[in-house]
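>>> Have a look at this prediction, sequence included:
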Amino acid sequence: MDIRAQFKNNLLAIISLLVAFSALGYNTWRNELTENNRNIRFAGFEIIKNLGELERITYLIHYDKAVERNTPRDGWAVVLVLRDLSALMPVPVSAGAAQLFEVWKNSWDGLGREDKAVADIDNAINDLREETLAAIRALE
């Protein structure tokens with residue numbers, strides 16, 4: 001038997017094998033995309049929640065002078081969580097979290113004394129919030 005005859009006799013099996021491999025490849029790709037979207041969505045919601053907490057801490061320290069209950073150390077903890085969560089997000093969110101980290105590092109000690117400190121932190125929080133919401137909206 002020559003190769004053409006064998007190919008013709010086994011054409012259905014070959015086509016079935018190609019379809020199976022194609023379906024497996026598509027299914028794997030789709031599962032990876034779904035998992036990535038799920039990670040981004042979860043991290044995004046956690047970032048939004050933690051941004052609210054950081055904003056609350058910032059305002060209490062600056063406007064209410066409530067340092068005994070809300071210390072800059074509490075803010076540091078939230079900023080570090082935000083930076084860690086941003087590793088699961090697209091680059092603009094990671095960059096925004098890094099920027100917030102730098103702003104907090106340079107401004108936290110001015111809270112309660114300098115309006116520029118609270119304005120800088122508030123702007124960095126709002127920028128990160130917008131980047132995070134954009135990343136969530138862009139999901140497939």
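Received the coordinates, thanks. Bear in mind that the values here come from a model prediction, so they are computed numbers and not experimental data.
>>> wait, Gln99 sits on Glu131?
No - judged on Cβ atoms under 8 Å, Gln99 makes no contact with Glu131 at a distance of 9.5 Å. C-beta coordinates here come from the backbone N, C-alpha and C atoms, glycine included.
>>> For the helix ranked longest in the chain, which helices and strands make contact with it?
Secondary structure assigned by DSSP state H gives helix 11-62 as the longest helix of the chain. Packed against helix 11-62 by the contact rule (3 or more Cβ pairs under 8 Å, 6 or more residues apart in numbering; DSSP states H and E) you find helix 72-85, helix 91-107, helix 115-137.
>>> redo that, cut-off 6 Å
Contacts defined by 3 or more Cβ pairs under 6 Å, 6 or more residues apart in numbering; DSSP states H and E place helix 11-62 against helix 72-85, helix 115-137.
>>> who touches stretch 82-95?
Contacts with stretch 82-95, where a contact means Cβ atoms under 6 Å, 6 or more residues apart in numbering, come from Asn39, Ala43, Glu46, Ile47, Asn50, Ala97, Phe101, Glu131, Thr132, Ala135.
>>> which residue is nearest the middle of this structure?
Centrality entry for the chain: nearest residue to the mean C-alpha point is Met89, 2.9 Å, by Cα atoms, centre = their mean.
>>> May I have the phi/psi pair for that one?
When read as degrees, to the nearest 10, the backbone of Met89 gives phi -110, psi 170.
>>> Quick check, pLDDT for it.
Looking at Met89, its pLDDT reads 96.
>>> for this structure, where's the lowest mean pLDDT among helices and strands?
Between all helices and strands in the chain, the lowest mean by mean pLDDT, DSSP states H and E belongs to helix 3-9, at a mean of 84.
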